[in-house]
Structures are given as structure tokens and as C-alpha cells.
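> give me coordinates for this.
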Amino acid sequence: MNEILVDVALEETRVALVEDGELVEFYIERPGTERLVGNIYRGKVSSVLPGMQAAFIDIGYEKNAFLFVDDVISAEDGEEFNGIKIKECSIENVLKPGQEITVQVIKEPIGTKGPRVTTQITLPGRHLVLLPNADYIGISRRISNEQERQRLKKFAEQVKPKNMGLIVRTASEGKSLEDFENDISFLLKHWKKIKRKEKKGNVPRCIHRDLSLIYRTVRDLFTSDIDRFVINDRKEYQNVLELTDMISPMLKNRVSLYTRDYDLFDFYGLEPQISKALSRKVWLKCGAYIVIDRTEALTVIDVNTGKYVGKDNLEKTIVKTNIDAAREIAKQIRLRDISGIIIIDFIDMDDPQHQKEVLEALKLALKKDRTKTTVVGMTGLGLLEMTRKKVRQGLSAFMMSDCPYCEGTGKVIAPESIALKIEKKIAYYANNTDCSKMEIEVHPSIIPILKGVNNRNLRQIQKLCNKKITLVPNEKLDREEISINCGGISKSVLVDSV
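Numbers count the residues shown, from 1 in each chain. Here you go, the predicted structure:
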């Protein structure tokens with residue numbers, strides 16, 4: 001049973017793709033944080049960087065978009081671009097500061113980086129993707145039957161507009177020429193509308209915005225493989241029915257409205273699975289576990305035997321653990337939307353045949369992923385390298401924020417180190433005041449360390465400062481903050497402040 005579950009709330013919309021009760025893909029959209037990928041803008045070249053062979057484009061977003069030279073000059077341009085040989089063509093030959101240009105976002109802004117854009121526009125339909133600035137036909141790699149590929153290519157050739165390109169989508173498998181004709185008719189009308197908008201208005205501006213999450217889900221995910229589409233909002237339910245009736249009428253009876261008082265995701269048992277998708281450690285059914293750590297540069301996944309001890313011998317135990325881990329890793333990468341460079345540290349295997357088995361298990365599991373992945377292979381250190389196309393931020397970026405204490409490192413300063421800093425801070429203020437008594441408010445977790453065994457540490461501090469010092473617990477203070485009360489004057493101080 002493959003299901004799409006849509007939870008519509010006031011502040012966010014959540015979409016879950018569920019296969020046999022297991023959450024495999026999860027998407028969130030909130031007001032004001034709608035995705036940029038797919039949007040088309042009329043922008044202006046802000047600066048050209050020959051050293052990077054790229055340009056920054058002002059599209060009206062808070063950060064300028066990044067346009068690489070290869071996203072301007074296509075292989076389809078032939079041997080020359082604007083009279084210059086492709087091999088000799090540089091970014092300054094193509095773009096000039098202040099120049100107006102139409103671009104489409106292909107990668108969301110991530111961290112400090114702005115969105116990435118291209119001039120090679122794509123307009124996705126239900127069965128086809130129109131490429132207005134290209135001239136070729138491509139077939140989805142997920143359609144594996146060669147006879148079906150040839151049949152669909154023949155249909156695509158019949159409907160392809162002159163001097164434009166087409167990509168045949170996975171959803172087109174088994175479709176007729178009439179389906180292609182309806183799709184291309186809609187896409188061409190849409191492109192003409194965009195071209196009209198391109199000519200009028202201020203620059204920068206958005207001239208085409210991609211569909212909202214619910215409608216993208218209907219267009220891209222709701223195929224014949226989906227047994228049920230469940231949504232909990234009556235208004236959106238009607239909209240989904242209308243859209244489905246236009247693009248896939250045979251699927252209309254699979255759409256249902258969820259009307260129970262019980263929360264939709266709770267009813268289907270998804271909330272614990274969502275929490276699991278945010279955990280650093282993921283347990284496997286066999287008792288082993290994997291640990292997922294994300295850094296700025298790459299994601300590292302470690303495999304451990306955990307509670308699994310096997311039955312026969314060590315080598316079989318290791319191979320069994322690694323194969324189970326490979327399948328779970330593929331699932332977690334897809335669910336968490338992990339992208340970029342991924343390094344997997346499987347348990348060491350001496351036999352090359354066993355390494356091959358694990359590698360094949362991973363590749364097979366990754367075939368379910370709609371996002372392009374490339375398994376590079378094993379390094380000399382026995383680590384597996386792979387990459388996954390980076391389009392948007394992962395799930396954790398939407399559902400989690402950096403801890404204000406550790407700033408995302410996952411580590412905080414040890415209480416003993418904080419206590420030492422507090423001692424120095426107390427000594428500094430004690431030597432710069434005439435008060436004979438000082439009352440120091442401190443987080444309760446630090447007080448036992450400041451006092452020491454039988455108040456020995458506190459007595460040493462008092463002796464060093466030559467003052468009576470009283471420690472008062474205050475849970476409202478941060479661990480690295482103290483409040484000094486002396487002579488009726490109170491002052492809050494961070495222990496790292498000057």
C-alpha cells in the first residue's frame with residue numbers, strides 16, 4: 001500500500017509519502033518560506049566574476065543568485081555561442097553588469113549561500129517537461145523497459161515544438177499520444193504567458209512561481225503507483241479533485257477526505273517516524289545501529305553492530321549488519337533529504353566479494369530515490385563515497401534550529417571549566433570593590449563545583465579575595481552567567497565577557 005497523506009494546518013502544510021506503513025519522503029511548507037526552486041525571474045546582473053567563471057544576479061531575493069557559466073552556455077548551443085567558440089567562451093563574453101536576464105532557480109539558498117539559477121528554463125507538466133531553450137528529447141532513467149522507452153520517444157518526437165526540447169517523465173509510462181498532446185498544449189500556452197510577462201515590469205521581479213506544495217505533490221508524486229491520497233482539509237480536498245480530474249482522471253477515486261477528530265499523522269502512526277528522522281542514532285531491526293552526522297562540507301554515516309552478535313561467525317555477522325545498514329541508509333538519505341557528499345563507514349570487510357554485495361544492496365535501495373544519486377565506490381581507507389544532488393535544504397533545516405548554547409556543535413563547555421572561569425571573574429570583581437561581602441548568584445549545576453568537598457574550594461576563593469562570599473542558586477541564569485550583588489548594587493556578568 002502506497003499512500004500520500006496531506007496534513008493542512010494554519011501555520012504549515014505537511015506531506016508524507018508512505019510505503020507499506022513506512023514514511024519514506026516528508027515535505028513541509030510554511031507561509032513565507034515557500035520554496036524558490038522552479039520559480040522564474042527577470043533579474044539583473046549585479047557583478048561578473050571571471051576568476052570564478054560566474055555572475056551574481058539580483059532577482060529581488062535578500063541574497064543575490066549565483067549563475068555559473070555552464071548554466072548559461074549549454075552543450076546544445078553547438079560549437080559557438082554568440083560568435084565565440086564554446087571552448088574559448090568566458091563569463092565576461094556572455095554577461096555584463098547591469099544586463100537584464102531571465103533565470104530559473106535550480107537550487108534553494110542554503111546557509112550563507114544564495115539561490116543558484118540557470119538560463120536553461122524547464123517547465124514541468126504531468127507527463128512532459130518543456131525545455132524552451134534547448135532542442136533534444138530525453139527519457140526518464142526510471143523507465144527501464146527499452147520497448148516502452150522507444151514508444152514514448154516516438155510520441156515525444158511527434159509533439160515536440162520546433163527548436164524546443166522535451167523530457168519524458170516517469171509518470172508518462174503507459175500513456176497515449178493524446179496525453180502528450182494535451183500536456184504540450186498546456187505547457188506551450190504557459191510558456192507564451194511567461195514570455196509576455198518577461199517584456200513588461202520592473203526588474204528584478206518574479207514572472208513565474210511554481211505550484212504550492214499540495215499541487216506539486218499531485219503533479220509529481222500522485223501517479224498510478226499511489227493507492228490512496230488522503231487530505232484533512234475540505235477546501236484543499238476539492239482543489240485536489242479538480243486538479244486530478246484535469247491531469248489524471250482515473251486517479252480521482254483514490255482521493256479521500258480525512259474527517260476524524262483524531263490527528264491525521266497520529267492516526268497513521270507517523271509522528272514517531274518523523275522524530276526518528278531527526279535522531280542522530282537510528283537502530284536497525286537486527287539490533288545494530290547507524291549514526292548520522294552532518295557537517296558544512298559533507299555527511300558522515302557510521303555503522304555499528306550494537307546489540308547484534310550474529311549466529312555463526314564474525315564475517316557473516318559483519319556482512320549481514322552492513323547490508324541491513326545499507327538499506328536503512330538509503331531510506332534515511334531519501335527521508336531526511338540529505339544531499340552533497342556522503343561518506344559511509346561500514347564495518348570493515350576483508351573479502352572483496354562481501355564489499356561488492358554491500359555495494360549492490362545500497363545501489364538497489366537507492367533506486368527508489370527520485371533525486372539523482374551517484375555511488376562512487378570504496379576509498380583506500382574502506383570508506384564508501386557517494387553524492388546526492390543538492391536541490392534544497394534537508395528535513396532538519398525545516399524542523400530544527402541550532403542550540404543557542406552550543407551553536408550547533410552539539411557540545412557545551414564542561415561545568416568544571418565554567419566554574420574555573422567564574423572563580424576568576426569573582427576574584428576580578430572582589431579586587432575592584434571595597435565591599436566586605438559579596439553575594440554571587442549562579443546556576444545550580446555549577447554551585448557544587450564552586451564549593452568543592454566540605455566547601456574547601458569556596459574557602460580558598462574567600463581567602464584569595466579576602467571577602468565573605470555567599471553562593472546563591474538561580475535557575476533563571478545561564479550556566480555561563482553570574483549575578484554579583486555587592487553593597488546593594490547588582491550586576492549580571494557573562495563569564496567570557498571582558
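
> going by C-alpha atoms from here, please, whenever you check contacts or count neighbours.
Fine.

> from the chain's centroid, how far away is stretch 202-212?
From the chain centre to the centre of stretch 202-212 is a distance of 23 Å (Cα atoms, centre = their mean, to the nearest Å).

> which outside residues touch it?
Under the criterion Cα atoms under 8 Å, 6 or more residues apart in numbering, residues 34, 36-44, 58-60, 100, 194, 197-198 lie in contact with stretch 202-212.

> likewise stretch 137-156?
157, 165-170, 172-174, 176-177, 180.

> can I get those residues in TSV including distance to D478, pLDDT and secondary structure?
Output for these, formatted as TSV (distance: Cα to Cα, whole Å; pLDDT from 0 to 100; DSSP: H, G, I helix; E, B strand; the rest coil):
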residue	distance to D478	pLDDT	secondary structure
E157	67	92	helix
G165	60	92	strand
L166	59	94	strand
I167	57	93	strand
V168	57	93	strand
R169	54	90	coil
T170	54	86	helix
S172	58	87	helix
E173	59	86	coil
G174	63	85	coil
S176	66	88	coil
L177	67	91	helix
F180	63	90	helix
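
> the residues you listed, buried ones only, as a PyMOL selection?
Here is the PyMOL selection string for the buried members of the contacts of stretch 137-156, based on 16 or more other Cα atoms under 10 Å:
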select buried, resi 165+166+167+168+169+170+172+173+180
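
> next secondary structure after whichever strand or helix holds E25?
Assessed by DSSP states H and E, E25 sits inside strand 22-29. Next helix or strand after strand 22-29 toward the C-terminus (DSSP H and E): strand 40-49.

> other SSEs contacting that following strand?
strand 54-58, helix 91-94, strand 100-107, strand 205-208 (3 or more Cα pairs under 8 Å, 6 or more residues apart in numbering; DSSP states H and E).

> try it again with 10 Å
Contacts defined by 3 or more Cα pairs under 10 Å, 6 or more residues apart in numbering; DSSP states H and E place strand 40-49 against strand 54-58, strand 65-68, helix 91-94, strand 100-107, strand 116-118, helix 177-199, strand 205-208.

> just checking: what are the partner strands of that strand?
Strand 40-49 has the following strand partners under DSSP bridges: strand 54-58 (antiparallel), strand 100-107 (antiparallel), strand 205-208 (antiparallel).

> angle of it against helix 177-199?
Relative orientation of strand 40-49 versus helix 177-199 (axes from the mean of the first three to the mean of the last three Cα atoms, to 10 degrees): 60 degrees.

> okay, buried residues for strand 40-49 please.
For strand 40-49, burial by neighbour count (16+ other Cα under 10 Å) applies to 40-48.

> closest to I214 out of these?
Nearest to I214 among these is I40, at 19.6 Å by Cα to Cα.

> which residue packs closest to the closest one, ignoring adjacent ones?
Q104 (4.3 Å; Cα to Cα, 6 or more residues apart in numbering).

> which residues in the chain form helices?
For the chain, the helices defined by DSSP state H occupy 91-94, 146-159, 177-199, 213-220, 234-247, 264-267, 271-276, 314-336, 352-366, 395-399, 415-430, 447-451, 456-465.

> next, the buried residues of the second one.
Using 16+ other Cα under 10 Å as the test for burial, helix 146-159 gives 149, 152-153, 155-156, 159.

> before we move on, what about the fifth one?
Buried positions in helix 234-247, judged by neighbour count with 16+ other Cα under 10 Å: 236-237, 240-241, 243-244, 247.

> how about the third one?
By 16+ other Cα under 10 Å, the buried positions in helix 177-199 come out as 179-184, 187, 191, 198.

> could you do the first one as well?
By neighbour count with 16+ other Cα under 10 Å, helix 91-94 contains the buried residues I91.

> what comes into contact with that helix?
48-55, 67-70, 72-73, 81-82, 84 (Cα atoms under 10 Å, 6 or more residues apart in numbering).

> if we use 7 Å, what do you get?
For helix 91-94, the external contacting residues (Cα atoms under 7 Å, 6 or more residues apart in numbering) are 48, 50, 53-54, 69.

> repeat that for the third one.
Helix 177-199 is touched from outside by 42, 123, 125-128, 130, 155, 159, 207-208, with contacts defined as Cα under 7 Å, 6+ apart.

> low-confidence ranges in the chain?
By pLDDT under 70, the weakly predicted segments of the chain are 74-88, 308-312, 496-498.

> let me see the domain layout of it.
The chain breaks down by automatic domain parsing into domains covering 2-34+213-266, 36-117, 277-399, 415-494.

> contacts only, for the closest residue to T122 other than its chain neighbours.
With sequence-adjacent residues excluded and distances taken as Cα to Cα, 6+ apart, T122 is closest to L131, at 4.9 Å. Contact analysis of L131 by Cα under 7 Å, 6+ apart lists 121-123, 164-166.

> please redo it, this time with the cut-off set to 10 Å
Taking Cα under 10 Å, 6+ apart, we find L131 in contact with 120-124, 137, 160-161, 163-167, 187, 191.

> L67 now?
Here L67 is in contact with 45, 48, 53-57, 91, 103-105, 115-119 (criterion: Cα under 10 Å, 6+ apart).

> buried subset of the residues you listed?
Buried, going by 16+ other Cα under 10 Å: 45, 48, 54-57, 91, 103-105, 115-119, out of these.

> just name the closest of those residues to L384, please.
R116 (28.1 Å).

> identify the bridge partners of that closest one.
The partner list for R116 in beta bridges (DSSP bridges) reads F66, K107.

> okay, it and D71: tell me how far apart.
To D71, R116 is 10 Å away according to Cα to Cα, to the nearest Å.
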